[in-house]
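>>> sequence and predicted structure below; questions after.
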Amino acid sequence: MKTEDMILKKVLDIPPSGIRKYFDLLNEMKDVISLGVGEPDFTTPWNVSEAGIYSLEKGYTHYSSNAGLLRLREEISHYVKQKYDLEYDPKTQVLVTVGGSEGIDLALRAVAGPGDEVIIPEPSFVAYKGCARLTGASPVIINLRVEDRFKLTPELLKSALTTRTKAVIIPYPNNPTGAVMDRDELTAIARILKDKNLVVISDEIYAELTYNGKHVSIASLEGMKDKTIVINGFSKAFAMTGWRLGYACGHPAFISAMNKIHQYAIMCAPTTAQYAAIEALRNGDTAVDDMVREYNRRRRMLVEGFNKMGLDCFEPLGAFYVFPCIRRTGLTSEEFCEQLLVKEKVLVVPGNAFGEVGEGFVRVSYASSTVNIIEALKRIERFIAKSPSNISA
């Protein structure tokens, strides 16, 4: 028997991340400007890092409870109430996870299995589809439309719902498009879902990174709290990607089930990171506000830059990505990204890495310095001037 035959077919059938190969190429090249990484270019605020360091100096290096330090869960409960009008009991309705990604995995594993369907609007975070498949459930893809600014509409949602639908993922603010859904738009979705026998998994990891009003959680809307698992974390808003810390909030039954999986697979999230996160929630608002202002400036710079060079780019109102259309170049998304990297040493990510509907677009991150963004725009403009559509014109 071959070794490969010992591996589960559902694992073998999951394709590798469409993003990975571009970062492998990046590691082999010098002087590349990367606008591909979904990671803040800011360092963790010093007061937050200092709290982590202090925890080590005090010898707080042991396991926490499986669900996380109660002090941290209390701070999370206070934070989501203050920010998003969500009320959760820190003892039974909050779980500290190893990044938001573990929260997504736990939520899907707790509620979905063989025979179930998980609705996933795309383009969206690459992990949703893979995690759903690992449960044995079938992903049902909703192809979002650029004319709707990649927002989930009631019409599209209704067309995807069946008697087998077990979970619906709500991925806003969105990676890779930067799309945001406002209260009225989410209310229209909630009206459809609130009486259905299904679970909503709301990935709100970019909730603090919005540029036109306050983030609204679908869990805060009438009839939605008890059927929604909210996933959030510290990576994006607090520039804490390497600390690997997230959290999930929801009905006690959901959180208990997720914690059961978590305690067997993980035990608990890193204790040092948990102490740092307490400080982030208590005293991190100023640093977050400063980062959001800078992201907003870069966001406008990129949108204006792409539209000026003829690559249509709608205005994203959340996260730290823009999603310009590159069809006028005559290149596929992958061709565009590979050739741009080789010829001009600028890394962006093909839109189809986030779902087939992303073909014809690229994801560009503005979690990079202004200097890099200005230079990258110059290189991209030079590149598209030599694209097949311009050469043949």
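Cool, got the structure.
>>> buried residues in the helix ranked longest in the chain?
Secondary structure of the chain per DSSP state H: the longest helix is helix 285-308. Residues of helix 285-308 classed as buried by neighbour count (16 or more other CB atoms under 10 Å): 287-288, 291-292, 294-296, 298-299, 301-303, 305-306. Where you see a C-beta, it was placed from the backbone N, CA and C, and this is true even at glycine.
>>> and those residues as CSV, adding pLDDT and distance to Pro350?
Output for those, formatted as CSV (pLDDT from 0 to 100; distance: CB to CB, whole Å):
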residue, pLDDT, distance to Pro350
Ala287, 97, 33
Val288, 97, 30
Met291, 97, 27
Val292, 97, 27
Glu294, 98, 27
Tyr295, 98, 23
Asn296, 98, 26
Arg298, 98, 21
Arg299, 97, 21
Met301, 97, 22
Leu302, 98, 17
Val303, 98, 19
Gly305, 97, 19
Phe306, 98, 16
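>>> show me where the protein has its helices.
So, for the chain - with DSSP H - the helices run 9-12, 20-27, 46-57, 70-84, 99-111, 127-134, 154-160, 183-193, 252-265, 271-283, 285-308, 333-344, 370-385, 388-392.
>>> so which of those helices gets nearest Pro176?
Proximity to Pro176 (CB to CB) singles out helix 333-344 among the helices of the chain, at 11.1 Å.
>>> what packs against that closest one?
Packing partners of helix 333-344 (3 or more CB pairs under 8 Å, 6 or more residues apart in numbering; DSSP states H and E): helix 20-27, strand 346-347, strand 349-350, strand 362-365, helix 370-385.
>>> with distance to Gly318, mean neighbour count and mean pLDDT added, can I get the ones you listed in TSV?
Converted to TSV, those look like this (distance: least, CB to CB, whole Å; neighbours: other CB atoms under 10 Å; pLDDT from 0 to 100):
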stretch	distance to Gly318	mean neighbour count	mean pLDDT
helix 20-27	23	14	69
strand 346-347	22	22	96
strand 349-350	18	27	96
strand 362-365	13	28	98
helix 370-385	18	17	96
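>>> and of the ones you listed, who's closest to Thr153?
strand 362-365 (21.8 Å).
>>> strands paired with that closest one, and their directions?
Next to strand 362-365 in the sheet, as set by DSSP bridges, lie strand 321-322 (antiparallel), strand 349-350 (antiparallel).
>>> same list, those, but as TSV with distance to Glu208 please.
As requested, the strands paired with strand 362-365 are exported to TSV (distance: least, CB to CB, whole Å):
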stretch	distance to Glu208
strand 321-322	15
strand 349-350	22
